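>>> here is my input; please provide its structure:
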Amino acid sequence: MPRPTAAQLAYGSATVIVSTIAMLLLSQTSTGIGVAVISAAALALGLLVALTVPLPRRRGRHAAARGAVRRGGAAAPAAAPGEEVRVPEPRTAPAEHPVHH
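Model (predicted):
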């Protein structure tokens, strides 16, 4: 299981605090068992919220190619399975002052 992000921790913690206060005020309970039940419910709700916050998506091969095209760059086509990928040689600029030996 991946580690929670800062956003997940913040949303989950805020949910626990706000829901605990709201449920305690609405129920007007003063018994230890009532407070324990409300605290457990708020903790479960906070955990649920933290786990359902959308995670940042990892950019796959296709998403990176689409992003390059949107930015104006040329994306290289992906090779089919079993097909060799050919990479062109780097271009070199001609020397302005060639060295003669």
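>>> where's residue 34, which helix or strand?
Taking DSSP states H and E as the definition, residue 34 sits inside helix 32-52.
>>> quick check: residue 41 touching residue 27?
No: the criterion here is C-beta atoms under 8 Å, and residue 41 misses it with residue 27 at 10.4 Å. In short, each C-beta sits where N, CA and C put it, glycine included.
>>> can you show me the helices along this protein?
For the chain, applying DSSP state H gives helices covering 6-27, 32-52, 61-70.
>>> show the average pLDDT along the last one.
Put plainly, it is helix 61-70. Averaging pLDDT along helix 61-70 yields 56.
>>> ok, now the longest one?
Throughout helix 6-27, pLDDT has a mean value of 90.
>>> so who does residue 38 touch?
Each residue near residue 38 by C-beta atoms under 8 Å, 6 or more residues apart in numbering is listed here: 20, 23-24, 27, 29.
>>> residue 7 reaches residue 53, doesn't it?
Yes: assessed by C-beta under 8 Å, residue 7 is found in contact with residue 53 at 5.8 Å.
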